[in-house]
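In: Take this sequence and fold it.
(one chain, ligands or ions: 2)
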Amino acid sequence: MNVSILGIPMDLGAGRRGVDMGPSALRNAHLATRLRELGHEVHDLGDIGVALPETLDKHEEAGLVFLEPILDACRSTVGRVAELPADTFPLTLGGDHSVAMGTVTGNALRGNPAGERTGLIWVDAHTDYNTPRSSPSGNIHGMPVAHLTGLGDARLSGLGGPWQLRPEDIVMIGIRSVDRHERDLLREAGIQAYTMKEVDQMGITRIVEETLERLSGVTRLHVSFDADALDPSVCPGVGTPVPGGLTYREGHLLMELLSESGRVTSMDIVEVNPVLDLHNQTAEVMVGMAASLLGQRIL
Ligand SMILES: NC(=[NH2+])NCCC[C@H](N)C(=O)O
Ligand SMILES: [Mn+2]
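Out: Ligands and ions are numbered 1, 2, ... in the order given. This next block holds a predicted model:
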């Protein structure tokens with residue numbers, strides 16, 4: 001396959017600094033080499049330009065911290081991803097999870113004049129379904145999914161023009177941290193979320209079967225993988241760790257089964273924070289996850 005790597009070195013959406021170095025840490029963990037070893041043709045397109053917080057006044061507008069520079073980066077990302085050829089697999093590297101507003105929208109619009117439906121598999125400890133009103137922090141990385149479905153601030157929810165993600169086309173896996181008002185919004189939208197309780201009870205295999213069944217009507221499928229979905233013992237380099245996460249093998253099994261389905265058309269790796277990491281362990285684990293999604297097998 002043809003794989004296009006694109007970095008979005010942005011930490012403006014997170015409460016702690018450091019995930020702007022995520023793309024660099026992932027490249028250092030031999031991302032491209034690992035994928036080439038699997039037989040893929042890999043093109044690294046470099047990084048999207050993102051403003052540095054040191055050059056900005058910390059600006060909060062209507063409950064949204066750093067709205068303007070985040071909007072700029074997401075708009076550039078939409079443009080860059082949407083123009084990629086239909087036969088390439090975009091692998092986008094965050095950055096905090098607010099980058100997903102750009103990557104998901106860009107992939108949904110990419111070579112899609114007929115308006116085919118896009119499915120989103122959100123692998124995360126958090127549902128990231130806050131709006132500026134429900135958010136306890138004002139940090140935009142807690143809000144991308146809400147904006148993708150049209151809630152919240154009109155500038156962020158309008159990144160795809162009239163395009164919006166349908167709540168029925170979203171499945172979340174690994175969830176164990178949801179804010180109080182965020183929970184009500186999720187329920188109202190009817191988004192399918194497999195919490196860690198369901199992961200424990202049902203196992204990853206059944207969850208993947210149900211997920212693919214639920215998303216059987218979509219032709220394009222994006223996986224947005226937040227490193228904090230995995231347990232902090234596996235991925236310590238994250239800004240908002242939550243105990244009780246996916247094991248190393250659960251993460252790989254999830255990627256292996258999705259890979260076998262042959263239906264995933266793009267992926268993000270986000271929230272890798274080298275400042276908080278141990279010898280780049282988190283980036284190395286996440287490179288392994290991408291490799292499993294792109295065909296790596298034990299035997
Ligand atoms: N992508 C993330 N790490 N999101 C964490 C969000 C934390 C919290 N729910 C908030 O909205 O502030
Ligand atoms: Mn997230």
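
In: For ligand 1, what's the nearest residue on this protein?
Out: Residue nearest to ligand 1 within the chain: Gly142 (2.1 Å; Cβ to the nearest ligand atom). (Glycine included, C-beta is placed from N, CA and C.)

In: Tell me how far that residue lies from Ala14.
Out: Using Cβ to Cβ, to the nearest Å, Gly142 is found at 9 Å from Ala14.

In: and the stretch 151-299 of the chain, which residues reach ligand 1?
Out: Contact residues (Cβ under 6 Å from any ligand atom) of the stretch 151-299 of the chain with ligand 1: 179, 226, 228, 240, 271.

In: Mind checking what secondary structure Gln90 has?
Out: Rather than Gln, residue 90 is Pro. strand (DSSP: H, G, I helix; E, B strand; the rest coil).

In: Leaving out the residues flanking it, which one is nearest to it?
Out: Nearest residue to Pro90, sequence neighbours excluded (Cβ to Cβ, 6 or more residues apart in numbering): Ser266, at 4.6 Å.

In: how deep is the one you found tucked in, by neighbour count?
Out: Using other Cβ atoms under 10 Å, Ser266 has 25 neighbouring residues.

In: In a helix, Glu146, correct?
Out: For residue 146 the amino acid is Ala, not Glu. Yes. According to three-state DSSP, Ala146 belongs to a helix.

In: So the residue positioned nearest the centre of the chain: helix, strand or coil?
Out: The residue lying closest to the centre of the chain (Cα atoms, centre = their mean) is Ser224, at 2.9 Å. Under three-state DSSP, the three-state class of Ser224 is strand.

In: Does the residue nearest to it when sequence neighbours are not counted belong to a helix, a strand or coil?
Out: Nearest residue to Ser224, sequence neighbours excluded (Cβ to Cβ, 6+ apart): Asp268, at 4.5 Å. Classification of Asp268 using three-state DSSP returns strand.

In: number of nearby residues for Asp268?
Out: 28.

In: which ones are touching it?
Out: Going by Cβ atoms under 8 Å, 6 or more residues apart in numbering, Asp268 touches 91-94, 99-100, 103, 222-225.

In: same check, this time on Thr282
Out: Contact criterion Cβ under 8 Å, 6+ apart gives 25, 227, 235-238, 272-274 as the residues in contact with Thr282.

In: pretty sure Leu35 is touching Val3, no?
Out: Yes. Leu35 is in contact with Val3 according to Cβ atoms under 8 Å; the separation is 5.6 Å.

In: Give the residues shared as contacts by these two.
Out: Taking Cβ under 8 Å, 6+ apart as the criterion, Leu35 and Val3 both touch 42, 91, 294.

In: Tell me where the chain has strands.
Out: In the chain, the strands defined using DSSP state E lie at 2-8, 41-47, 60-61, 64-65, 88-94, 118-123, 170-175, 192-195, 220-226, 266-270.

In: On the pLDDT front, check the residue nearest to Val272 when sequence neighbours are not counted for me.
Out: If the residues on either side of it in the chain are set aside, Val272 comes closest to Gly22, at 3.9 Å by Cβ to Cβ, 6+ apart. Gly22 carries a pLDDT value of 98.

In: what's the answer for Asp268, then?
Out: Asp268 carries a pLDDT value of 98.

In: For beta bridges, what are the partners of it?
Out: Beta bridges link Asp268 to Thr92, Ser224, judged by DSSP bridges.

In: what does Glu60 give?
Out: Val65.

In: pretty sure it contacts Gly138?
Out: Yes. Judged on Cβ under 8 Å, Glu60 makes contact with Gly138 at a distance of 5.8 Å.

In: These two - which one has more neighbours?
Out: Remark: of Glu60 and Gly138, Gly138 carries more neighbours, 18 against 12, as counted by other Cβ under 10 Å.

In: Ligand 2 versus Thr127, what's the distance?
Out: Counting by Cβ to the ion, to the nearest Å, the gap from Thr127 to ligand 2 is 8 Å.
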